[in-house]
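Peer 1: structure for this input, please:
(chains A and B)
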Amino acid sequence: GNSVTQMEGPVTLSEEAFLTINCTYTATGYPSLFWYVQYPGEGLQLLLKATKADDKGSNKGFEATYRKETTSFHLEKGSVQVSDSAVYFCALIKFSGGYNKLIFGAGTRLAVHP
Amino acid sequence: EPEVTQTPSHQVTQMGQEVILRCVPISNHLYFYWYRQILGQKVEFLVSFYNNEISEKSEIFDDQFSVERPDGSNFTLKIRSTKLEDSAMYFCASSGTSGEETQYFGPGTRLLVL
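Peer 2: Below is the predicted model of the structure:
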């Protein structure tokens, strides 16, 4: 079946450090891939997405590239800020005519210290 | 920017009581979803809804759960007889016309069953 595996957290970084959060997936066919972010006390916000192989999604300095050969969609940011502290969820959708369900990874908590 | 809204933000109920969680999806969206997140765990799909009927449901979505779109704007999740293990954050999401895969989430309702 379809599944998403993320690196376990928490990830603790100093401000301006480089961030990588690993995400790999298992799916039949060609899913679309997403990163959602959940700030403390808030709901899920779409951070970025990629819908086909070699696509790069980017937003707010974050980026992730859809790598079909390694079935990965790692999240990166060159210089993190304290305000980036949140839980990050990798997810996939297997599009099936509109009746889609997101399959989430377990989430990775990021804590950025000044 | 259009957004998904949910009410209430928090609900405390006694085991065995009925609860109704309410959502107002983005106005021109056609596909509606409920997900839940038990504290510290991953976000899980519950049900998807399109054209006034359930299109897919998970194993979690048993006979105690029901969904309804009673008018042109609200989308509700009802739990008939709550159990302790129903305590979770419940997220509503919506997505647009066929081919639009991005799901936009509401801020969630935190349900506590005592």
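Peer 1: name the helices or strands packed onto the helix or strand harbouring residue A:63?
Peer 2: With secondary structure defined by DSSP states H and E, residue A:63 is part of strand A:62-65. Strand A:62-65 sits against strand A:32-38, strand A:44-50, strand A:56-59, strand A:75-77, with contacts defined as 3 or more CB pairs under 8 Å, 6 or more residues apart in numbering or on different chains; DSSP states H and E. For every residue, glycine as well, the C-beta is placed using N, CA and C.
Peer 1: redo that, cut-off 10 Å
Peer 2: strand A:19-21, strand A:32-38, strand A:44-50, strand A:56-59, strand A:75-77 (3 or more CB pairs under 10 Å, 6 or more residues apart in numbering or on different chains; DSSP states H and E).
Peer 1: quick one: is the third one near chain B?
Peer 2: Yes: interface with chain B: strand A:44-50 contributes A:44-46, A:49 (CB under 10 Å from any CB of the partner chain).
Peer 1: for the nearest residue to residue A:35 once chain neighbours are set aside, what are its contacts?
Peer 2: Nearest residue to residue A:35, sequence neighbours excluded (CB to CB, 6 or more residues apart in numbering or on different chains): residue A:47, at 4.3 Å. Going by CB atoms under 10 Å, 6 or more residues apart in numbering or on different chains, residue A:47 touches A:34-38, A:57-60, A:62-64, A:75, A:86, A:88-90.
Peer 1: filter those residues down to the buried ones.
Peer 2: Using 16 or more other CB atoms under 10 Å in any protein chain shown as the burial test, these include A:34-38, A:57, A:62-64, A:75, A:86, A:88-90 as buried.
Peer 1: the residue nearest the centre of chain B pairs with what?
Peer 2: Central residue check for chain B by CA atoms, centre = their mean: the C-alpha nearest the mean position is that of residue B:34, 3.2 Å away. With DSSP bridges as the criterion, residue B:34 is bridged to residue B:47, residue B:92.
Peer 1: follow-up on the earlier one: so can I have JSON lines of the helices and strands packed on strand A:62-65 showing mean pLDDT?
Peer 2: JSON lines is the format used below for these (pLDDT from 0 to 100):
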{"stretch": "strand A:19-21", "mean pLDDT": "97"}
{"stretch": "strand A:32-38", "mean pLDDT": "94"}
{"stretch": "strand A:44-50", "mean pLDDT": "94"}
{"stretch": "strand A:56-59", "mean pLDDT": "97"}
{"stretch": "strand A:75-77", "mean pLDDT": "98"}
